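Engineer: Fold the following.
(2 chains)
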Amino acid sequence: GAVVSQHPSRVICKSGTSVKIECRSLDFQATTMFWYRQFPKQSLMLMATSNEGSKATYEQGVEKDKFLINHASLTLSTLTVTSAHPEDSSFYICSASFPGSGSLNSGNTIYFGEGSWLTVV
Amino acid sequence: GQNIDQPTEMTATEGAIVQINCTYQTSGFNGLFWYQQHAGEAPTFLSYNVLDGLEEKGRFSSFLSRSKGYSYLLLKELQMKDSASYLCAVRDNTDKLIFGTGTRLQVFP
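Structural biologist: Numbers count the residues shown, from 1 in each chain, chains lettered A, B, ... in the order given. You can find the predicted model right below:
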């Protein structure tokens, strides 16, 4: 079953409104989660690192006031797209590392959510 | 800066072998990952290399040379269902997973 759950899987919102996407780690605590965005026919682009109990770290070129990230608990991170515009329409996906994944054989311990399709009309 | 390059598209025939290359320049290195992604879905883990050499897992193998900043994913006995995007990703020294440009593979009968 899913180790990281993301909700909603699809959302349509009107231009100018805000939409929240949730990312939950199931049965494990994730002090760090990552948010990615993927446009059609492109690869995953890292947007920000979500840190439990502290401010998110944003990648260069990502507007922190537009993409609000809250990591209020050890199992939940949320991404809120504020004042959404059609160009924000994209596939948003989160990931979390399973605890203790710093060893050499820890390749298969980064888990992705199912992803969320956002369409802004 | 971070730079991870892959060919944009590749085509191959069912039953054949295909090699997808990945070159990288990143801020530190803490492992290289290969993922398969079908359109509209989350990436699926294929392989992980942190030491130089070849890792084999069934029809899929992945090779790493850290000194050259180079990896490849080898797919054998190609099947139609292997048509997908293949993503190379490097975990840097801050634990971020940085993805390459991705390679869209199309397998023809």
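Engineer: ok, the worst-scoring helix or strand of chain A on mean pLDDT: who's next to it in the sheet?
Structural biologist: Scoring the helices and strands of chain A by mean pLDDT, DSSP states H and E places strand A:110-112 at the bottom, with a mean of 89. Here strand A:110-112 has these sheet partners by DSSP bridges: strand A:90-97 (antiparallel).
Engineer: For the strand it pairs with, give me every contacting residue.
Structural biologist: A:3-4, A:6, A:21, A:23, A:25, A:28, A:30, A:32-39, A:44, A:50, A:77, A:79, A:81, A:109-118, B:40, B:42, B:95, B:97 (Cβ atoms under 8 Å, 6 or more residues apart in numbering or on different chains). (Each C-beta comes from the backbone N, C-alpha and C, glycine too.)
Engineer: Let me see the contact set for residue B:2.
Structural biologist: B:25-27, B:90, B:92, B:98.
Engineer: Give me the buried entries from those.
Structural biologist: In the contacts of residue B:2, burial by neighbour count holds for B:26, B:90, B:92, B:98, counting by 16 or more other Cβ atoms under 10 Å in any protein chain shown.
Engineer: Nearest to chain A within chain B, name that residue for me.
Structural biologist: Closest to chain A within chain B is residue B:48: 2.1 Å, counting by Cβ to the nearest Cβ.
Engineer: mind checking the SS state of that residue?
Structural biologist: Here residue B:48 is strand, with the state taken from DSSP: H, G, I helix; E, B strand; the rest coil.
Engineer: just checking, it touches residue B:30?
Structural biologist: No: in this structure, residue B:48 is not within contact of residue B:30 by Cβ atoms under 8 Å, at 10.7 Å.
Engineer: neighbour count winner among the two?
Structural biologist: Taking other Cβ atoms under 10 Å in any protein chain shown, residue B:48 and residue B:30 do not tie; residue B:48 has more neighbours (22 against 16).
Engineer: What's opposite that one in the beta bridge?
Structural biologist: Counting by DSSP bridges, residue B:48 forms beta bridges with residue B:33.
Engineer: what about it, distance to residue A:32?
Structural biologist: Going from residue B:48 to residue A:32 by Cβ to Cβ, to the nearest Å gives 19 Å.
Engineer: cool, residue B:106 as well?
Structural biologist: As judged by Cβ to Cβ, residue B:106 and residue A:32 stand 36 Å apart.
Engineer: Between those two, which is the more surrounded one?
Structural biologist: Neighbours around residue B:106 and residue A:32, counted as other Cβ under 10 Å, are more numerous at residue A:32. The numbers are 17 against 12.
Engineer: thought that one was touching residue A:50?
Structural biologist: Yes: using Cβ under 8 Å, residue A:32 is in contact with residue A:50, at 6.8 Å.
Engineer: Kindly report the residues of chain B close to chain A.
Structural biologist: Proximity of chain B to chain A (Cβ under 8 Å from any Cβ of the partner chain) is limited to residues B:31, B:33, B:40-43, B:45, B:47-51, B:85, B:87, B:89, B:91, B:94-102, B:104.
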